[in-house]
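Q: sequence and predicted structure below; questions after.
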Amino acid sequence: MARADVLTPQGVDFPRWYQDVVAKAELADNGPVRGTMVIRPYGYAIWERLQAEIDARIKAAGAQNAYFPLFIPESYFRREAEHVEGFSPELAVVTHGGGKKLEEPAVVRPTSETIIDSFLAKWAQSYRDLPLLINQWSNVVRWELRPRLFLRTTEFLWQEGHTAHATEAEAHEYALRILREVYEDTMVNVMAIPVLVGRKTERERFAGATTTWSAEAMMRDGKALQMGTSHELGQNFAKVFGISFSDESGQQAYAWQTSWGASTRLMGALVMAHGDDAGLRLPPHLAPVQVVVLAVRTEDGAGEAAEKLVLELRAAGLRAQLDNRTQLSFGRRVVDWELKGVPVRVELGPRDLAGGTAVVCRRDDGTKSPVPLAGVVAKAKELTGAVQESLLQQARHRLAQGTVQASTVADAIEAAQSGFAALPGPALRGGEGEDELNASGVSVRVLQRPDGSLPSPEESPDGLVAIVARAY
RNA sequence: CGGGGAGUAGCGCAGUUGGUAGCGCACCUGCUUUGGGAGCAGGAGGCCGCGGGUUCAAGUCCCGCCUCCCCGACCA
C-alpha cells in the first residue's frame, strides 16, 4: 500500500507543514481572540519538560523565582524613553475595572522591567544586598499583527530574569553566563538545536538595553529563529527607578542591570528544527513519551507481554507508554506516534512473541530491527541516547551546509534566500548595508568574532562577522 | 496600515441559468478486521459571517457592514 501524505510536505509549503504538525500532533489550537493560543496537553507536557530544564539552570546560576503583577501602571512605562517607544505599539491597556473608568490605566505586561525594577529599588539599599537575581515565569501580552502559533502570539509564556549588580563588569559577566549556561546549554544539550550566539546590532537590540546578546538557530527552511536573549541594561532603568545603594566607601551608586528571557517560541523551534514529513521528531531529553510500546494485537499473551515491557522500561527510568488501542489499525497508530515525534517505538505482536523478540524502531531515521525481548530495555535506553545525539548532529550538519561566506551585501541577500550568510562587518558600512539587507527582508541576526567567539559590548562591527538571514 | 484572497457541518471543500443543503475526512452504532492512515451497513450533525434589499422563491442577484487568511512594514 502506498504511503499517503499525512502532512503537507515541507518542500511543498513549509508554513503549511508547520501548521499541520502543530494541529495533528495536538500541540496547540488558536484561541478565540486573534493571536491567542490554547496549548494542548501534549504540547504543554513538552513545555513543562523544557521549563524544568531551563528552571534548573537558572537556579544553578543563582537566581530565585518570584512573581510580580500582570498589571503595570501605565506611568511606569513612560519613565524609560527607549523602552516606552519600543513597546507602545504593542501594548494592551486596561482602562476600566469594576465597571468604572480607572484613574490610571493599567498596562498588561509585555515584559516586566518596569514593575520589577520598582521593587528592586526598594530591596537594594547596600552593596551587601547585591546582586539581586530574580526570575519570573509568567505570561505576557504583546499585541501582534501577524500571529503564528508558538512563534509569534499575542499572549505567550516565558521566563524573564531581572538582575541588579554593583558593577558593570559583574552585570556583563552575568548576562553572558545566562546566555551560555542557561540558554545555549539547554538549546544544544536538551533541545538538540545548535545555536549561534553573538551580539545584536544597535537596531536589533532590546528597547532600553545597552547591549543585547542572542542565541539564534536555523530552521529546516533555512530561516533564523531567535531562541533567547540576554540584555545588559546599563544603568538606564536603575536611574529612572532609583535602584541605588551605598557602596563600600559609603557613596550612593546606581546598580547595573541585566534582563533575559526565553519563551514558548522555543516550542516552534523544536518543531521547525527537527520535524520531517512524518511529523515531529522530539529529542529524547524532552519527549513526554520516550518509548511507546505498541501492542500490534493483544491475543496469545501479546497484550500482557507489552504491559510487562512498559513496566520494565519505566523501572529502567524511561518515560514509557503502552498503546493497546487495538480498535485502531496498526498503521493509524504508527502514524499517530510518528506525528507526535516519540523517539523510540517498540512493536510487539503474537508473531514477535512467538519468536521471543520485539521490533524496535527509531523515529529519527525510521530504521527498525528485531531485538530479543530480554534486550529491549537496554536497546531502548541506548537508542534514546543515540537519537538525542543524531538529531543534534543532523541539525549541526544543516547549519554548516546552509551557511555560506559572503563578501557583499548582495551576495548575503542571495544566500539568505535559502540559508544563512556570514558577512564581514565592514560590508555593513556603518548601517548602510543593514538598511539594504532589511529592505530585502533579511536582517543581521548576530555579530560574532571571525572565530565564532563573543565580541565585547563595545567592539566595532568592523572587526566582526555578521550572521545574516531571513528570520521568523 | 498597503496589496491579494476567503467566509457553507468539528476540519477541508463543492454548490450550474435563483427552485426544500451536498461531498471527503472526523464523529456515533453494529459486524468483519488489525505487522504502515481498514472494509461494509446504518446514523447524527447547518443562523450557508451579519444586516438590509430585489423576487412567488436567495447559499446563489444588489447594497452596506464584520471577520479571517496570505504577501509586505514591526516583533521573544
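A: That came through, no problem.
Q: all strands of the stretch 251-400 of chain A, in order?
A: Listed from the start of the chain, the stretch 251-400 of chain A has strands (DSSP state E, counting those that start in this stretch) covering A:252-254, A:256-263, A:291-295, A:320-323, A:344-348, A:357-362, A:368-372.
Q: what distance do you get for residue A:138 to residue A:73?
A: 17 Å (C-beta to C-beta, to the nearest Å). Where C-beta positions appear, they are placed from N, C-alpha and C, glycine not excepted.
Q: off-centre distance for stretch A:121-133?
A: Computed by C-alpha atoms, centre = their mean, to the nearest Å, the separation of stretch A:121-133 from the middle of its chain amounts to 30 Å.
Q: how long is it end to end?
A: In stretch A:121-133, first residue to last residue: 13 Å (C-alpha to C-alpha, to the nearest Å).
Q: got it, and stretch A:294-311?
A: This stretch, stretch A:294-311, spans 14 Å end to end (C-alpha to C-alpha).
Q: ditto for stretch A:331-350
A: Rule used - C-alpha to C-alpha; the end-to-end distance of stretch A:331-350 is 17 Å.
Q: does that stretch come close to RNA strand B?
A: Yes - shown here: stretch A:331-350 in contact with RNA strand B (C-beta under 7 Å from any atom of the strand) through A:331-332, A:334-336, A:338, A:347-350.
Q: again, but for stretch A:155-164
A: Yes - counting by C-beta under 7 Å from any atom of the strand, RNA strand B is contacted by stretch A:155-164 at A:156, A:158.
Q: before we move on, back to that, quick one: which of the strands of the stretch 251-400 of chain A is nearest residue A:194?
A: Residue A:194 lies closest to strand A:256-263 among the strands of the stretch 251-400 of chain A, at 16.0 Å (C-beta to C-beta).
Q: the residue nearest to the spatial centre of chain A: what's it in contact with?
A: Most central residue of chain A, judged by C-alpha distance to the mean C-alpha position with C-alpha atoms, centre = their mean, is residue A:266 at 2.2 Å. Applying C-beta atoms under 8 Å, 6 or more residues apart in numbering, we find residue A:266 in contact with A:50, A:187, A:191, A:227-228.
Q: can you pull the pLDDT of it?
A: Here the pLDDT value assigned to residue A:266 is 95.
Q: other SSEs contacting the top helix by length along chain A?
A: With DSSP state H applied, the helix covering the greatest number of residues in chain A is identified as helix A:376-401. Other helices and strands packing on helix A:376-401, by 3 or more C-beta pairs under 8 Å, 6 or more residues apart in numbering; DSSP states H and E, are strand A:211-218, helix A:265-274, helix A:302-315, strand A:344-348, strand A:357-362.
Q: of the ones you listed, which approaches residue A:27 most closely?
A: When the helices and strands packed on helix A:376-401 are compared for distance to residue A:27 using C-beta to C-beta, the nearest one is helix A:265-274, at 6.8 Å.
Q: orientation of the closest one relative to helix A:376-401 in degrees?
A: Angle between the axes of helix A:265-274 and helix A:376-401 is 90 degrees (criterion: axes from the mean of the first three to the mean of the last three C-alpha atoms, to 10 degrees).
Q: do helix A:265-274 and RNA strand B come into contact?
A: Yes - on the criterion C-beta under 7 Å from any atom of the strand, helix A:265-274 is in touch with RNA strand B at residue A:265.
Q: quick revisit: narrow the residues of stretch A:331-350 next to RNA strand B to just the buried residues.
A: Burial by neighbour count, 16 or more other C-beta atoms under 10 Å: within the residues of stretch A:331-350 next to RNA strand B this picks out A:334-336, A:338, A:347-350.
Q: switch the residues you listed over to CSV; also include pLDDT.
A: As requested, these are arranged in CSV below (pLDDT from 0 to 100):
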residue, pLDDT
A:334, 95
A:335, 94
A:336, 94
A:338, 95
A:347, 97
A:348, 97
A:349, 95
A:350, 94
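Q: ranges for the helices of the stretch 1-150 of chain A?
A: A:14-24, A:41-60, A:74-77, A:81-87, A:113-123 (DSSP state H, counting those that start in this stretch).
Q: can you list these in a markdown table and add mean neighbour count?
A: Shown next, in a markdown table, are the helices of the stretch 1-150 of chain A (neighbours: other C-beta atoms under 10 Å):
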| stretch | mean neighbour count |
| --- | --- |
| helix A:14-24 | 19 |
| helix A:41-60 | 17 |
| helix A:74-77 | 18 |
| helix A:81-87 | 16 |
| helix A:113-123 | 21 |
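Q: what residues does the stretch 101-250 of chain A have near RNA strand B?
A: A:142, A:144-148, A:151-154, A:156, A:158, A:204, A:206, A:226-229.
Q: if you set the cut-off to 10 Å instead, what comes out?
A: A:110-111, A:140-158, A:160, A:200, A:203-207, A:209, A:212, A:214-216, A:224-229, A:231 (C-beta under 10 Å from any atom of the strand).
Q: no more questions from me, cheers.
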